[in-house]
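Undergrad: I would like to see how this sequence folds:
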Amino acid sequence: MNAGEVLRIVDSLHRDKNIPKEIVFVAIESALVSAARKHFGEEADIEFNIDRESGEISGRCGDQQLDYEEVVGRIGAQTAKQVIIQKVREAERDAQIIEFDQQIGEIISGTVHRSEGSVTTVTLGSVEAILPRSEQIPGETYQPNDRIRAVVTEVKAQGSRIKVVLSRTRGVLVQRLFEQEIPEIADGVISINAIAREPGYRTKLAVSSIDTKVDCVGACVGVRGNRIKSIIDELSNERIDIVRFDEDPQVMIRNALQPASVDEVILCNEIGRAIVLVAEDQLSLAIGKRGQNVRLASKLCGWDIEIMTQEELEKQIERAVEGFSLLEGVDEDLANVLVGEGYLSYDDLEVIEPDFLMNIGGLTAEQVDAIVAQAEVRAEEAERLLQEQRRIRRAEKEAEAARQAAQAKAEAAAAEAATEAEAAAEAEAAAAATNPTGATPSGDDAPTTDPSAATAESDTQSTDGSASGAAKATPDSADAGDATTGDLQASHKSE
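TA: Modelled structure (predicted):
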C-alpha cells in the first residue's frame, strides 16, 4: 500500500461512509501498530504516523525505524485489516449517532421492511429503525415496502450498530405535520402553543397568531378543510380540534371544551381545579365520549377540569360543607371557606397545604395534622364504600346477564321443540297422503272371474274412497301441530 493508495482509501471512506478523514487516518495508524506488535511483542513501544498531505507512512520501534511493509507481513496484514474494519464501523456508527441525534423530535420518512409481533422495522437509508407497538397508532397495520412517516424519539449505540426508535403517537408528530402543511406556521406567523393527543382518536391543538389580520384557526383548517385533510389522512382519520389559544385560563378553558357551550368557569387556584358549569343539554357534549373531550381539554390547559350543572354544583357544595363540618376542629364557617376555595371532598383535604389551612382557619400545626388525618380516614372509608357499591352493581349485572341467558336458552329450547312437533306432524301427513290404507292390488294377483271377487273389489273401491277422504283430512293434523306450537309458546310466556 503506497502513499497514493492510502489517500484514496481515506477519501473513499470519507465520502461513502460519511466518516471524517482524521478518524480514518487514526484507524490505519492503530491497525499498523497492532500488526507490528504481532512481530515485536505486545509490550513493544511502536508508533506509526501517516502524513495527512502526502500519505507517506513512517514507523518506529523504540529508536529503530520500521518499514511497515517488511514488518507487517501476511499475518500482520490480516490483523491490520480487521482493526481497520472495526475502527471504520465504530466511526460509521458514531457518525450515524450524531446524524440521528440532530433529528430527534423531527419527522422522518422511511420504508417498512418487515412487521413481526409487536415491532415494525423501518429502513432509513443504511439504517434500520424500529417502530414499537406502543408507538404505533391503534388500528394501523404496515406491509413491507409501505412508506411511513414518524418522528425520531431515541438514538443510542448498540454494539457496532445504532438503535433508532420511531414514534407515531407523540404530539410532536402532529406539530411537525402542521409545520409542513401550513406555511404560516413554518414562517412563524402562527404558533402552536399546546397539544393534547390520544393517538388514533382525537387531538386538540391550541394556536395563536402574531398578526391580527391572520385568522390562526381558519388558516390551519383551510378552505373547506383542504389544508387539514392531508394531516388527518396521515394520522388515519384521527379527529383534530383546533382552538384559539388565550393567556386567560377562563377563556382558554372555554375554547378547549369546544364544541360544547360553557356557562361559567370557576377557577380554584389553590388546587389547580376548574369547575365548569354547563346546561343540561351540553353536559354529555362537554364531557365527550368516555370523557375524552374534558380529558384532552384538561391536558391542553393544564387545569383539572370538572364538568357539572348548576344543580349538581349546589348539591356537591352542600354535601362538602356537611361532610367537612363532621371533622373535629372544622366549624361551618371554615367548611364554607374550604368549599369556596374549591375543596369539595376529603381527598382534596389530604393534599391541602398545611400553611394555607392554618392561615384561613387560624389553626395550629397540630390541629391541621389532626384534620388531615381525619380526612384521610374518611376518604378511605368512602373509597371502600364506593368499591362495595361497584361490586354490588357488578354482581347485579352478572346476575341479570345470567337470567337473560337462561331465558334465551329456554326460548330457544321451546322454539326447537315446537319446530320438531310441526315437522313430525307434516311428515305424518305426507306419509298418509302418499300411502293411503287399503290400496287396491294390481297386476296378475288381482282376481277377475269370481263374482264374489268383483263384489269384494267393489267393497275395496269403496274402502279406497273413504281412505282417500281420510288422507285429505290428514293435513288438518298439521294445524293441530301449529296449535301445539302456539300452546308451547303461550305456556313459556306464562312461565
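
Undergrad: Just give me the residue closest to the centre of the protein.
TA: The chain has Pro138 as the residue nearest its centroid, 4.2 Å off, counting by Cα atoms, centre = their mean.

Undergrad: is it true that that residue touches Glu198?
TA: No: Pro138 is beyond contact range of Glu198, at 9.4 Å (criterion: Cβ atoms under 8 Å). (C-beta placed from N, C-alpha, C; glycine too.)

Undergrad: returning to that earlier point: give me the phi and psi angles of the residue nearest to the centre of the chain.
TA: When read as degrees, to the nearest 10, the backbone of Pro138 gives phi -50, psi 130.

Undergrad: so what's it closest to, chain neighbours aside?
TA: Gly200 (4.1 Å; Cβ to Cβ, 6 or more residues apart in numbering).

Undergrad: Over to Val243?
TA: Asn255 (4.3 Å).

Undergrad: same thing with Val278?
TA: Residue nearest to Val278 in three dimensions, not counting chain neighbours: Ala286, with 4.9 Å by Cβ to Cβ, 6+ apart.

Undergrad: hang on, Ile231 in a strand?
TA: No: Ile231 is assigned helix when assessed by DSSP: H, G, I helix; E, B strand; the rest coil, not a strand.

Undergrad: the helices in the stretch 251-400 of the chain, which residues?
TA: Secondary structure of the stretch 251-400 of the chain by DSSP state H, counting those that start in this stretch: the helices cover 283-287, 292-301, 310-325, 332-340, 346-350, 354-361, 365-434.

Undergrad: Between those helices, which one is closest to Gly125.
TA: Gly125 lies closest to helix 292-301 among those, at 35.3 Å (Cβ to Cβ).

Undergrad: Could I get the full set of helices for the stretch 1-150 of the chain?
TA: 3-17, 21-40, 68-101.

Undergrad: other SSEs contacting the second one?
TA: Meaning helix 21-40. helix 3-17, strand 46-50, strand 57-61, helix 68-101 (3 or more Cβ pairs under 8 Å, 6 or more residues apart in numbering; DSSP states H and E).

Undergrad: for these, which one sits closest to Ala413?
TA: Going by Cβ to Cβ, the one of the helices and strands packed on helix 21-40 nearest Ala413 is helix 68-101, 66.2 Å.

Undergrad: what's the average pLDDT for the closest one?
TA: Averaging pLDDT along helix 68-101 yields 72.

Undergrad: Same check on stretch 137-152?
TA: The average pLDDT for stretch 137-152 rounds to 91.

Undergrad: same deal with stretch 162-178?
TA: Computed over stretch 162-178, the mean pLDDT rounds to 93.

Undergrad: measure that stretch end to end?
TA: End-to-end distance for stretch 162-178, by Cα to Cα, to the nearest Å: 29 Å.

Undergrad: Name the spans of the protein whose pLDDT lies under the cut-off.
TA: 1-4, 68-81, 435-495 (pLDDT under 70).

Undergrad: Kindly state the domain boundaries assigned to it.
TA: 3-100, 103-169, 414-494 (automatic domain parsing).

Undergrad: Quick check: beta-bridge partners of Ile107?
TA: Ile107 forms beta bridges with Val151, as assigned by DSSP bridges.

Undergrad: so it makes contact with Leu177?
TA: Yes: if you go by Cβ under 8 Å, Ile107 and Leu177 touch, sitting 7.0 Å apart.

Undergrad: neighbours of Ser134, just the number please.
TA: Using other Cβ atoms under 10 Å, Ser134 has 8 neighbouring residues.

Undergrad: Relative to Asn293, how far out is the spatially closest residue to it that is not a sequence neighbour?
TA: Distances taken as Cβ to Cβ, 6+ apart put Thr169 closest to Ser134, at 7.5 Å, once the chain neighbours are dropped. As for Thr169, its distance to Asn293 is 19 Å (criterion: Cβ to Cβ, to the nearest Å).

Undergrad: Between these two, which has more neighbouring residues?
TA: Regarding Thr169 and Asn293, a neighbour count based on other Cβ under 10 Å identifies Asn293 as having more, with 24 against 20.

Undergrad: so what's that one up against?
TA: Neighbour list for Asn293: 202, 257, 260, 285-287 [criterion: Cβ atoms under 8 Å, 6 or more residues apart in numbering].

Undergrad: which one among those gets closest to Gln96?
TA: Looking across the contacts of Asn293 and measuring by Cβ to Cβ, the closest to Gln96 is Arg202, at 36.1 Å.

Undergrad: wait, doesn't that closest one sit right on Asn237?
TA: No: assessed by Cβ under 8 Å, Arg202 is found out of contact with Asn237, at 10.9 Å.

Undergrad: out of these two, which sits in the busier spot?
TA: Ranked by neighbour count (other Cβ under 10 Å), Arg202 and Asn237 place Arg202 first, with 18 against 11.

Undergrad: Quickly note the distance from the more buried one to Pro144.
TA: Going from Arg202 to Pro144 by Cβ to Cβ gives 30 Å.

Undergrad: ok, now Arg273?
TA: Per Cβ to Cβ, Arg273 is found 50 Å from Pro144.

Undergrad: So between those two, which is more surrounded?
TA: Legend: neighbour count by other Cβ under 10 Å for Arg273 and Pro144, higher for Arg273 (19 against 11).

Undergrad: residues contacting the residue lying closest to the more buried one once chain neighbours are set aside?
TA: Excluding its sequence neighbours, the residue lying closest to Arg273 (Cβ to Cβ, 6+ apart) is Asp304, at 4.6 Å. If you count contacts by Cβ under 8 Å, 6+ apart, Asp304 has them with 271-274, 298.
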